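Q: model the structure of this input:
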Amino acid sequence: MSEFGKVAVLMGGPSSEREISLLSGNAVLGALRGAGVDAYAFDPAERDLWALKTEGYARAFVALHGRFGEDGTVQGALEVLGIPYTGSGVMASALAMDKWRTKLVWLASGIPTPRYRVVDADADWPGVIAELGLPLIVKPAREGSTIGITRVVSADPDALAAAWAAAAQHDPLVLVEEFVSGVELTASIVDGDALPLIRIEAPQGNYDYHNKYFSDETRYFCPCGLPEAQEQEIRERSLAAFDVVGCTGWGRLDLILRADGSFQFLEVNTSPGMTGHSLVPMAARQAGIAFGELCVRILRGAH
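A: Modelled structure (predicted):
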């Protein structure tokens, strides 16, 4: 593993997803060290990034989640420092973090995604409901891990205003999406390959922050149980949705499969979780890739 030199596993950071990033980063750190990589933890919230250069780091494994780690910010800094890093570049990271602008690219490219409106405090809620129907999903455009998301089931003006306020606490750019019912799937991308799909069944269909990271009641199915031809079609479209945003290396796309066989992409994650509940390692296992091998493969793709 000397080919990699000294490796920084970037984890923690100042975002609202810091807690999960520390879990991911420590899992990656352990796997890389177990594979013989000279790897060290590095928290940008506690240390100046310039130390990566002065302390002789040759590569960075980005295990940061959310803003300042997954939005192109750290990626730009690493490029200025001349340190190769894992995952997508500056433009794709920034674009994928912004769910509104990702939708604009997808819609222009024929990638299916739920109908939506951008709203503010003065939103015409009756008009939004007339266009998108109920229930509605209200969420910040540039957050992850289901933070700030509300499902609104009625036309109650107070409930709608509260949902907007909850999202706006995290981001002034707020999206309202039509609620798409169906089977929740996730597609993992590693080195240009779409791995086996995972089907997710969360308690009461609520795949929120707790059920995503800490609940033992959420059930994951890989193989996902779809007919082979249908799964292959979704995997191919997932790779196309990943590529058209400009993403590289590895990532994960979340989507909903409707009862009629159509599907809608919700978002793309350029630095997915690598915790004990995380989905990319689960899909990799189904493809015969152990966690340590997965981490090394991702590191080898640093650019």
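Q: what's the host helix or strand of Ala283 packed up against?
A: Secondary-structure element containing Ala283, defined by DSSP states H and E: helix 279-286. For helix 279-286, the packing partners by 3 or more Cβ pairs under 8 Å, 6 or more residues apart in numbering; DSSP states H and E come out as strand 183-190, strand 198-201, strand 250-257, helix 291-300. Using the backbone N, CA and C atoms, a C-beta is placed for each residue, glycine as well.
Q: can you check the distance spanned by stretch 203-220, start to finish?
A: Between the opening and closing residues of stretch 203-220 there is a gap of 12 Å (Cα to Cα, to the nearest Å).
Q: buried ones in the helix holding Ala283?
A: Leu279, Val280, Pro281, Met282, Ala283, Ala284, Gln286 (16 or more other Cβ atoms under 10 Å).
Q: before we move on, back to that, which among the helices and strands packed on helix 279-286 is found nearest to Arg142?
A: Closest approach to Arg142 among the helices and strands packed on helix 279-286 is made by strand 250-257 (15.7 Å; Cβ to Cβ).
Q: so what's the residue nearest in space to the middle of the chain up against?
A: With distances taken as Cα atoms, centre = their mean, Asn269 lies nearest the centre of the chain, 2.4 Å away. Going by Cβ atoms under 8 Å, 6 or more residues apart in numbering, Asn269 touches Glu70, Ala96, Gly144, Gly251, Arg252, Leu253, Asp254.
Q: could you pick out the one among the residues you listed with the lowest pLDDT?
A: Looking at pLDDT alone, those dip lowest at Gly144, where the score is 72.
Q: assign a three-state SS to the closest residue to that residue other than its chain neighbours, would you?
A: With Cβ to Cβ, 6 or more residues apart in numbering as the measure, Gly66 is the residue that lies nearest to Gly144, at 5.3 Å, once sequence neighbours are left out. Look at Gly66: counting by DSSP: H, G, I helix; E, B strand; the rest coil, its state is coil.
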